[in-house]
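Trainee: Sequence first, then the predicted structure, then my questions.
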Amino acid sequence: MSRINLEEDARRLLQQTFGYESFRQGQQQVITHVLNGQDTLAIMPTGGGKSICYQVPAMLLPGLTIVISPLISLMKDQVDALNELGIASTYLNSTLSAEEEFARTEGIKDGHYKLVYVAPERLENFTFQRLLSTINISLIAIDEAHCMSQWGHDFRPSYMKIPQWIEQLQPRPIVLALTATATKDVQNDLKTHLSISEDHAVVTGFARTNLSFQVIKGVDKRAYVTKFVNQRKGEPGIIYVSTRKEAEHIASHLQKKSFTCGIYHGGMSDVDRAASQEDFLYDRVEMMVATNAFGMGINKSNVRYVIHFNLPKNIEAYYQEAGRAGRDGEKGDCILLFGGQDIRTQQFFIEQSDADAKYKQNEFHKLQKMISYCHTESCLQQTILRYFGDDSDEPCGRCSNCLQQGEKQECTREAQMVFSCIKRTRERFGTMMIAQILTGSTNQKIKQFGLDKLPTYGLMNQQTAKSVQSFIDFLVAEDYLQRTNSEYPTIELTERAVNVLLGNEQVMRRIEPELKEPEEQDE
Ligand code: ADP
Ligand code: ZN
């Protein structure tokens, strides 16, 4: 079949079977590569429409399409939806009875299905391997492909075995890897593991133009959330917290205020979690209070807001979780409530993990970027996109920084004081210590190290240590300073700070808005 015909067929399928008018950005390109037999990497934002990229080719290719997905809970929904559209599909996973599994296996053998969803662990199953050797496989779609990379935030060892497994399939099927969250490192990793050429990586813009990002600091978080959900009654939303205990707390607090609210975390039984997820999916509860155990791939399109009650571990995780808002293309709010004590929790999680030193260092580095997101004065959407290596976009005009009215003030001299203090102490100290030296603290350690003898000691004594610390956070977020990648980071000067010290660059900062008192005290 010629290329033109294939593209026409794909479009007709999209319209007649799926009921969509036209392809979204990137979909057409990915589908064309796949139909031309090329291994492809598709990187599209959450809600970008990745499923269509393998579902349409699955219908047009002669053999079976195997979809590898880590999301057992989602397989059933996806397969039900496909069957409703008249696309014969099934899944194999551990939730099936032996009879059911046998029946499906027979169906696969007899060529009854176009698509089969499996978890990666299934590929190691001997019976399954034997089954595959008897049938014609056209396409392997690897969903959530970032799980294959050590640099991804959801690394899964069973994903590592996929490339090897593919190589032994005869004849070798076409491979399509899909993910929403790939830094340059992850993208390169995936291309290497799957031998995908640069020309066959399709990266669509990551920008989600229907989402508004906000960072909120210095509020009573519980009061903020209570007030927010009250204003947005009847709109589905997700509130992410960092621990199970916190999830229980917030949920029961909101329930006491008569909100209907589901709860989801890793400490609940499978049955309870599934029930909770269903309540949310079918709007039996307004909102979900959850840890990050909730939602990888959750398929609710009309989520109107995602609030992060605590700091996420990195920007990939944040963008993926926040990105669950507005998958239907309508407006969504992504709000991060920043509190400094959350940094400690995340540092602790990293330090406690049994990963090796190099991995931990990388995690600390990513955490620093997440913290900088909270302190930057640049466009939040742009900050995220830059993190993913996409420099193309203009400021979004919708985020809390773009909408911030405050004027900017020059603070080059204060910045120089901070830089010279860091330089004089040979970049050996962290934020708190530098702030204490500059504000002339009489703390024991300062005396002990003789830091009160430094020329920069007390230079900023008209300010509080806290406000100097927040100034340093700002300088880190704007890339004048950087923190080392460790549990107790020290601060170093960057090229940019050197320029400021040499008098070649000015530092401008927005005049601090008055910290708002929460309007509702709810305890
Ligand atoms: P992803 O897996 O990339 O997060 P999905 O494949 O779940 O996204 O698609 C997100 C939503 O967009 C779904 O509701 C889907 O039906 C819809 N969608 C996908 N492609 C199109 C299209 N070409 N036109 C309109 N809607 C689409
Ligand atoms: Zn913006």
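Mentor: Here it is on my side, so go on. Ligands and ions are numbered 1, 2, ... in the order given.
Trainee: Every contact and neighbour count from this point should use C-alpha atoms.
Mentor: Will do.
Trainee: what secondary structure does the closest residue in space to T260 that isn't next to it in sequence sit in?
Mentor: Leaving out its chain neighbours, the residue that sits closest to T260 by Cα to Cα, 6 or more residues apart in numbering is V285, at 5.0 Å. Three-state call for V285 (DSSP: H, G, I helix; E, B strand; the rest coil): coil.
Trainee: count of residues packed around V285?
Mentor: 21 (other Cα atoms under 10 Å).
Trainee: Pretty sure it sits against I263.
Mentor: No - V285 is beyond contact range of I263, at 9.7 Å (criterion: Cα atoms under 8 Å).
Trainee: hang on, the earlier thing: contacts only, for the residue nearest to T260.
Mentor: By Cα atoms under 8 Å, 6 or more residues apart in numbering, the contact set of V285 is P236, T260, C261, G262, D279.
Trainee: let's see 10 Å
Mentor: 234-237, 259-263, 276-279 (Cα atoms under 10 Å, 6 or more residues apart in numbering).
Trainee: Look at C53 and tell me its secondary structure.
Mentor: Going by three-state DSSP: C53 is helix.
Trainee: which residues do V285 and I263 both contact?
Mentor: S276, Q277, D279.
Trainee: What mean pLDDT does stretch 159-174 get?
Mentor: On average, the pLDDT along stretch 159-174 is 92.
Trainee: From T105, how far off is the residue of the chain positioned farthest from its centre?
Mentor: Within the chain, the residue lying farthest from the chain centre (Cα atoms, centre = their mean) is K453, at 46.0 Å. Computed as Cα to Cα, to the nearest Å, the K453 to T105 distance reads 78 Å.
Trainee: repeat for V289
Mentor: V289 is 38 Å from T105, where distance means Cα to Cα.
Trainee: Quick check: phi and psi on Y305?
Mentor: With angles defined as degrees, to the nearest 10, Y305 sits at phi -150, psi 150.
Trainee: That one against K233, yeah?
Mentor: No - Y305 is not in contact with K233 according to Cα atoms under 10 Å; the separation is 11.4 Å.
Trainee: Now stretch 199-210: buried residues?
Mentor: Using 16 or more other Cα atoms under 10 Å as the test for burial, stretch 199-210 gives H200, A201, V202, V203, T204, G205, F206, A207, R208, N210.
Trainee: touching ligand 1 at all, it?
Mentor: No - Stretch 199-210 is not in contact with ligand 1 by Cα under 6 Å from any ligand atom; minimum separation 11.0 Å.
Trainee: That stretch and ligand 2 in contact?
Mentor: No - shown here: stretch 199-210 not in contact with ligand 2 (Cα under 5 Å from the ion), separated by at least 10.2 Å.
Trainee: start to end distance for that stretch?
Mentor: Termini of stretch 199-210 sit 29 Å apart (Cα to Cα).
Trainee: Next: stretch 261-268.
Mentor: End-to-end span of stretch 261-268 (Cα to Cα): 16 Å.
Trainee: quick one: that stretch to chain centroid distance?
Mentor: Here the centre of stretch 261-268 is set off from its chain's centre by 20 Å, with Cα atoms, centre = their mean, to the nearest Å.
Trainee: Longest helix in this protein, please.
Mentor: helix 357-375 (DSSP state H).
Trainee: Export only the CA atoms of it, formatted as CSV.
Mentor: Only the C-alpha atoms of helix 357-375 are listed here, as CSV (Å, rounded to 0.1, in the frame of the first residue of the first chain):
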residue,chain,number,x,y,z
ALA,A,357,25.4,7.3,45.5
LYS,A,358,25.4,8.4,41.9
TYR,A,359,21.6,7.9,41.6
LYS,A,360,21.0,9.7,44.9
GLN,A,361,23.1,12.6,43.7
ASN,A,362,21.0,12.9,40.6
GLU,A,363,17.8,12.8,42.7
PHE,A,364,19.2,15.6,44.9
HIS,A,365,19.9,17.6,41.7
LYS,A,366,16.4,17.1,40.5
LEU,A,367,15.0,18.1,43.9
GLN,A,368,17.0,21.4,43.7
LYS,A,369,15.3,22.1,40.4
MET,A,370,11.9,21.5,41.9
ILE,A,371,12.7,23.9,44.7
SER,A,372,13.9,26.5,42.3
TYR,A,373,10.6,26.2,40.5
CYS,A,374,9.0,27.4,43.7
HIS,A,375,11.3,30.4,44.0
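Trainee: elements contacting it?
Mentor: strand 211-217, helix 315-322, strand 332-338, helix 341-352, helix 380-387, helix 465-477, strand 481-483 (3 or more Cα pairs under 10 Å, 6 or more residues apart in numbering; DSSP states H and E).
Trainee: between the second one and strand 211-217, how many degrees?
Mentor: Relative orientation of helix 315-322 with respect to strand 211-217: 110 degrees, computed using axes from the mean of the first three to the mean of the last three Cα atoms, to 10 degrees.
Trainee: Could you give the average pLDDT over helix 315-322?
Mentor: Helix 315-322 comes out at a mean pLDDT of 91.
Trainee: And the helices and strands packed on helix 357-375: which comes nearest ligand 1?
Mentor: With Cα to the nearest ligand atom as the measure, helix 315-322 is the member of the helices and strands packed on helix 357-375 nearest ligand 1 (9.4 Å).
Trainee: Sort out which of the contacts of V285 are buried, if you could.
Mentor: Listed as buried from the contacts of V285 are E235, P236, G237, F259, T260, C261, G262, I263, S276, Q277, D279; burial here means 16+ other Cα under 10 Å.
Trainee: Tell me which of these fall in helices.
Mentor: S276, Q277, D279.
Trainee: Quick one: these as JSON lines, columns for pLDDT and distance to A88 too.
Mentor: Listed next are these as JSON lines, based on pLDDT from 0 to 100; distance: Cα to Cα, whole Å:
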{"residue": "S276", "pLDDT": "92", "distance to A88": "29"}
{"residue": "Q277", "pLDDT": "90", "distance to A88": "26"}
{"residue": "D279", "pLDDT": "93", "distance to A88": "28"}
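Trainee: so V67 is in which element?
Mentor: Using DSSP states H and E, V67 falls within strand 64-68.
Trainee: contact partners of whichever helix or strand D185 is part of?
Mentor: According to DSSP H and E, D185 maps onto helix 184-194. For helix 184-194, the surrounding residues in contact (Cα under 10 Å, 6+ apart) are 39-43, 145-153, 160-164, 166-167, 175-179, 181-183, 195-198, 200-201, 203, 387-390.
Trainee: before we move on, what about stretch 336-343?
Mentor: Contacts of stretch 336-343 from elsewhere in the structure, counted by Cα under 10 Å, 6+ apart, are 213-222, 224-225, 239-240, 242, 306-313, 318, 322, 348-349, 367-368, 370-371, 374-375, 470.
Trainee: Give the buried residues for it.
Mentor: L336, L337, F338, G339, D342, I343.
Trainee: List the ones among the contacts of helix 184-194 that fall in helices.
Mentor: M160, I162, P163, Q164, I166, E167, Y387.
Trainee: between those, which is closest to ligand 2?
Mentor: The shortest approach to ligand 2 among the ones in helices among the contacts of helix 184-194 belongs to Y387, at 14.4 Å (Cα to the ion).
Trainee: Contact partners for T134?
Mentor: Counting by Cα under 10 Å, 6+ apart, T134 has contacts I108, K109, Q170.
Trainee: can you pick the most crowded of those?
Mentor: I108 (21 neighbours).
Trainee: And the pLDDT at it?
Mentor: 96.
Trainee: so how far is A119 from it?
Mentor: Counting by Cα to Cα, the gap from I108 to A119 is 16 Å.
Trainee: next one: L61
Mentor: For L61, the distance to A119 - Cα to Cα - is 22 Å.
Trainee: How about the residues of this structure by ligand 1?
Mentor: So the chain meets ligand 1 at 20, 22-24, 46-52, 301, 327-328 (Cα under 6 Å from any ligand atom).
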